[in-house]
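**Q** I would like to see how this sequence folds:
(chains A and B)
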Amino acid sequence: MSTLEVILRAAGLLAAFLLLPLLVGQTEHKVMAHMQGRLGPMYAGGFHGWAQLVADGAKFVQKEDIVPAAADKRLFRLAPALALIPYLVALAAIPVHPGFAVADLPGGALFVLAATSVGILGTLVAGWASANKYALIGAMRSAAQLIAYELPLALAVASVTLAAGTLSLGGIIEAWKPWWLLWQLPGALVFLVAAVAELQRPPFDMPIADAEIVFGPYTEYTGLRFAFFLLAEYGGIVVMSLLFSTLYLGGWRGPFDDLAGWAWTLLKGFVIALLLIWIRVSWPRLREDQLQRFAWLTLIPLALLQLAVTAVGVVLMGGSS
Amino acid sequence: MTSLDLAFAAAGAVTLAAAVLAVTTRHLVHSALWLVLSLGGLAGCYLVLGAELVALVQVLVYVGAVVVLVIFALMLTRAPIGPSPEHTTSRLHRALAALLGGGVTALLLAVLVPLAGREAVARTPVVSAVIAGDLFATWVWPFEALSLLLLLALIGAFSVARLTGGRAQGES
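**A** Numbering: from 1, shown residues only, chains lettered A, B, ... in the order given. Below is the predicted model:
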């Protein structure tokens, strides 16, 4: 791979990372407005409130960048980047088109899991460095939540890699067959729920529960740094949606995938992103203890069961590799 | 000097510097965060040497889980912003720790440097399937013994926590 190609790929990745989360954000505004009858996001700019996101962006840029006097200043400034960059790195490993990912790795599935698990540090550091007790409580909630949901997420991914006989995301897509939709269904549900919890979105948004602890780890943040955390959340939705479609829906597979593979990837990812938004609109927030109980008593046994079912299936079919 | 050598040297320097800072800083949480950088740098070293799977597991387990647990535990107990002098050790302790650390380093170097030899070793990327084969065929019993040990430690920690908790409740 030449230097020019590396630069081109990196630039393309950055462009996608800046564009896709905004698209998801815009979609969330509109879908939530329609589903919950909200008038606010439908007003600015006339047609369907198209200018709302632009106005939000302009507002964030204008706001003063405040660092609390008692905060750990360097870490406080660093935290948004710590939250954002892992998702950018994770996005690089997702296969987009037959034979093409920005970084085609032999251990892609593990790479994405590792990268997203580092993202927790951003929230933790933000909560601690703010020198605010609501922020600290929020950070502790988010640490407990992410530790609890990392396990079912990893187990669900392990089940798919076992079925495909490879850790490479491209290899998983090539090994994927339509009947896996049924075979891997429990794992897919576990993955979807754990992904929502990992992203700390409703109904699993106790770390930032605005009615209880102001805004959790992000309480003290304003302006662009706060916008970075929002961008990290939407970037996370993009990564998790694309990963879900890669693992469970066959990624770029579809009619005419020689030409339109990238379109299938985007379409499937977008449908899952819509589903994540729909989940947010439909369910109320769980309580902290309900969340832990749900992770340890429902999701993990279900994920283990799926792993056993997958293993039996692989052995019965004489191994898929 | 290839670009791989440079990358390895850079990752190693980051690991070493972060490790030194992790033990010398007087800020508790900073120490844990320097440890993150140090373990991440070590993952970088593994990656440059061609052990992709080990590098990824290093990030997933150590950075993503172990250090997060450490920071979580620090926050649960006491983690003030700024230096925490009550945790600072005496000069004698520090000198002894430095002596012990230096001794272990010297011992490891004395064993490992002659083993490494002087010729350059070809960098061969390790395929995950090979590691899996070794781990679950050749080394399966040590692997299982280790997991049993970890399970015992887990049950032991759990029972200690439960027993002392129950006694405290009985007294009050």
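**Q** if I pick A:Trp278, what's in contact with it?
**A** Neighbouring residues of A:Trp278 by C-beta atoms under 8 Å, 6 or more residues apart in numbering or on different chains: A:31, A:35. All C-beta atoms are positioned from the backbone trio N, CA, C, and that covers glycine.
**Q** Now it: which helix or strand?
**A** Under the criterion DSSP states H and E, the helix or strand holding A:Trp278 is helix A:257-282.
**Q** Grab the nearest non-local neighbour of the residue of chain B found nearest chain A.
**A** Closest to chain A within chain B is B:Gly64: 2.9 Å, counting by C-beta to the nearest C-beta. Leaving aside its chain neighbours, B:Gly64 sits nearest to A:Ser117 (2.9 Å; criterion: C-beta to C-beta, 6 or more residues apart in numbering or on different chains).
**Q** which is the next helix or strand following the lowest-mean-pLDDT helix or strand in chain A?
**A** In chain A, the helix or strand scored least confidently by mean pLDDT, DSSP states H and E is strand A:100-101, which has a mean of 74. The helix or strand immediately downstream of strand A:100-101 is helix A:108-118, counting by DSSP H and E.
**Q** counting contacts, what elements does that next one pack onto?
**A** For helix A:108-118, the elements it packs on are helix A:73-92, helix A:133-164, helix A:169-175, helix A:223-248, helix B:52-58, judged by 3 or more C-beta pairs under 8 Å, 6 or more residues apart in numbering or on different chains; DSSP states H and E.
**Q** what's the closest non-adjacent residue to residue 12?
**A** Went with chain A since none was named. Leaving aside its chain neighbours, A:Gly12 sits nearest to A:Val102 (6.9 Å; criterion: C-beta to C-beta, 6+ apart).
**Q** hmm, I had chain B in mind actually
**A** Leaving aside its sequence neighbours, B:Gly12 sits nearest to B:Cys45 (C-beta to C-beta, 6+ apart; 5.8 Å).
**Q** Share the number of residues neighbouring the residue lying closest to A:Gly40 once chain neighbours are set aside, please.
**A** Distance criterion C-beta to C-beta, 6+ apart; nearest residue to A:Gly40, sequence neighbours excluded, is A:Ala33 at 7.4 Å. The number of residues packed near A:Ala33 is 19, by other C-beta atoms under 10 Å in any protein chain shown.
**Q** circling back: around the residue nearest to B:Gly64, count how many other residues there are.
**A** Neighbours of A:Ser117 (other C-beta under 10 Å): 24.
**Q** Would the helix ranked longest in chain B count as contacting chain A?
**A** Longest helix in chain B, counting residues (DSSP state H): helix B:140-171. No. Counting by C-beta under 8 Å from any C-beta of the partner chain, no contacts exist between helix B:140-171 and chain A, the nearest distance being 13.7 Å.
**Q** Flag every residue of the stretch 151-300 of chain A that's near chain B.
**A** Proximity of the stretch 151-300 of chain A to chain B (C-beta under 8 Å from any C-beta) is limited to residues A:154, A:167.
**Q** give me that answer again for 10 Å
**A** For the stretch 151-300 of chain A, the residues in contact with chain B (C-beta under 10 Å from any C-beta of the partner chain) are A:151, A:154, A:161, A:165-168.
**Q** For chain B, state which of those residues is nearest.
**A** Checking these against chain B by C-beta to the nearest C-beta gives A:Leu167 as the nearest, at 5.6 Å.
**Q** Spatially central residue for chain B, please.
**A** By C-alpha atoms, centre = their mean, chain B has its centre lying nearest to B:Leu39, at 6.2 Å.
**Q** Is it in contact with B:Thr15, as I believe?
**A** Yes. Shown here, B:Leu39 and B:Thr15 form a contact pair, counting by C-beta atoms under 10 Å, at 8.1 Å.
**Q** hang on, the earlier thing: got the phi/psi numbers for the residue nearest to B:Gly12?
**A** Main-chain torsions, B:Cys45, degrees, to the nearest 10: phi -60, psi -50.
**Q** Retrieve the pLDDT associated with it.
**A** pLDDT recorded at B:Cys45 is 88.
**Q** Identify the residues contacting it.
**A** Taking C-beta atoms under 10 Å, 6 or more residues apart in numbering or on different chains as the contact definition, B:Cys45 lies against B:7-12, B:14-15, B:51, B:54-55, B:58.
**Q** quick one on the thing from earlier: my guess is the residue nearest to A:Gly12 contacts A:Phe111, does it?
**A** No. Applying C-beta under 10 Å, one finds A:Val102 not in contact with A:Phe111, separated by 11.8 Å.
**Q** neighbour-wise, which of these two wins?
**A** Neighbours were counted for A:Val102 and for A:Phe111 using other C-beta under 10 Å; A:Phe111 has more, 25 against 18.
**Q** tally of neighbours for residue 61?
**A** No chain in the question, so chain A it is. Neighbourhood size, A:Val61 [other C-beta under 10 Å]: 10.
**Q** Please refer instead to chain B.
**A** Residues lying near B:Val61 (other C-beta under 10 Å) number 14.
**Q** could the helices and strands packed on helix A:108-118 go into a markdown table alongside mean pLDDT and distance to A:Ile277?
**A** Converted to a markdown table, the helices and strands packed on helix A:108-118 look like this (pLDDT from 0 to 100; distance: least, C-beta to C-beta, whole Å):
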| stretch | mean pLDDT | distance to A:Ile277 |
| --- | --- | --- |
| helix A:73-92 | 85 | 17 |
| helix A:133-164 | 86 | 19 |
| helix A:169-175 | 83 | 24 |
| helix A:223-248 | 87 | 8 |
| helix B:52-58 | 85 | 31 |
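**Q** Can you tell me what sits against stretch B:132-147?
**A** Contacts to stretch B:132-147, defined as C-beta under 10 Å, 6+ apart, come from residues A:167, B:53, B:126-127.
**Q** so who does the most centrally placed residue in chain A touch?
**A** Taking C-alpha atoms, centre = their mean, the centroid of chain A lies closest to A:Gly236, which sits 2.9 Å from it. Going by C-beta under 10 Å, 6+ apart, A:Gly236 touches A:21, A:24, A:83-84, A:86-87, A:90-91, A:116, A:119, A:195, A:198-201, A:276.
**Q** Return the closest of the residues you listed with respect to A:Phe215.
**A** A:Gln200 (11.6 Å; C-beta to C-beta).
**Q** Tally up the residues packed near the closest residue to the closest one other than its chain neighbours, please.
**A** Distances taken as C-beta to C-beta, 6+ apart place A:Pro207 nearest to A:Gln200, at 5.2 Å, with adjacent residues excluded. Neighbours of A:Pro207 under the rule other C-beta under 10 Å: 25.
**Q** What's the separation between A:Thr310 and A:Ile300?
**A** Using C-beta to C-beta, to the nearest Å, A:Thr310 is found at 15 Å from A:Ile300.
**Q** what's the answer for B:Arg91, then?
**A** For B:Arg91 relative to A:Ile300 (C-beta to C-beta), the value is 48 Å.
**Q** which one of these two has more residues nearby?
**A** Using other C-beta under 10 Å, the more surrounded residue of B:Arg91 and A:Ile300 is A:Ile300, with 18 against 8.
**Q** Just the element for the more buried one, please.
**A** Using DSSP H and E, A:Ile300 falls within helix A:300-316.
**Q** buried residues in that helix?
**A** A:300, A:302-303, A:306-307, A:309-310, A:313-314 (16 or more other C-beta atoms under 10 Å in any protein chain shown).
**Q** you'd agree the residue nearest to A:Gly40 is in a helix?
**A** Yes. The assignment for A:Ala33 is a helix, going by DSSP: H, G, I helix; E, B strand; the rest coil.
**Q** Go through stretch B:128-144 and flag the buried ones.
**A** Neighbour counts over stretch B:128-144 (16+ other C-beta under 10 Å) mark B:Ser128 as buried.
**Q** what is the mean pLDDT for it?
**A** Taken as a whole, stretch B:128-144 has an average pLDDT of 85.
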